[in-house]
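J.: Mind looking at a prediction? Sequence and model below.
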Amino acid sequence: MASLFSFRQTYRYLQRQAHEQPVIFYSVVIGLIGPLMVITVPPIRKSLGYKKPEPIPTSYPVPNRPRRAVQGYEDE
C-alpha cells in the first residue's frame, strides 16, 4: 500500500510541475527520452530494413592516365 501511495504522490507532483513549470518539466521528459531512444531506435530501424548509406568520399578520384598539358589560355 505504501508504494501505491508513493506513486500517487509522485504522479501528483509531476502533474503539478507540468502545470506550473512546463518548460522545466518537458525539458526533463525530453532529456529522459534521449537515452531510451539510443537503445530502442537501432533495432527498430534494422527490423524495418534500413541499410547504412555508403560513406561519403573524402578525396576526388584521380584518373588512371597521364595528365595532358593545358593549352589555349595564353598564360606564358
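T.: Noted; the coordinates are in hand.
J.: Show me what whichever strand or helix holds residue 6 is packed up against.
T.: In this structure, residue 6 sits in helix 2-20 according to DSSP states H and E. Applying 3 or more Cβ pairs under 8 Å, 6 or more residues apart in numbering; DSSP states H and E, one finds that helix 2-20 contacts helix 22-47. Backbone N, C-alpha and C define where each C-beta goes, glycine included.
J.: Would you mind listing the buried residues in the helix it packs on?
T.: residue 25 (16 or more other Cβ atoms under 10 Å).
J.: who does it touch, helix- and strand-wise?
T.: helix 2-20.
J.: What angle do helix 22-47 and the helix it packs on make with each other?
T.: 110 degrees (axes from the mean of the first three to the mean of the last three Cα atoms, to 10 degrees).
J.: Quick check: mean pLDDT of helix 2-20?
T.: Averaging pLDDT along helix 2-20 gives 83.
J.: Same question for stretch 55-63.
T.: Averaging pLDDT along stretch 55-63 gives 84.
J.: who's in contact with the helix holding residue 6?
T.: Under the criterion Cβ atoms under 8 Å, 6 or more residues apart in numbering, residues 24-26 lie in contact with helix 2-20.
J.: so which of these comes closest to residue 59?
T.: Checking those against residue 59 by Cβ to Cβ gives residue 26 as the nearest, at 44.6 Å.
J.: Tell me how far residue 10 lies from residue 72.
T.: Taking Cβ to Cβ, to the nearest Å as the measure, residue 10 falls 79 Å from residue 72.
J.: Same question for residue 39.
T.: For residue 39, the distance to residue 72 - Cβ to Cβ - is 61 Å.
J.: do residue 13 as well
T.: According to Cβ to Cβ, residue 13 and residue 72 sit 79 Å apart.
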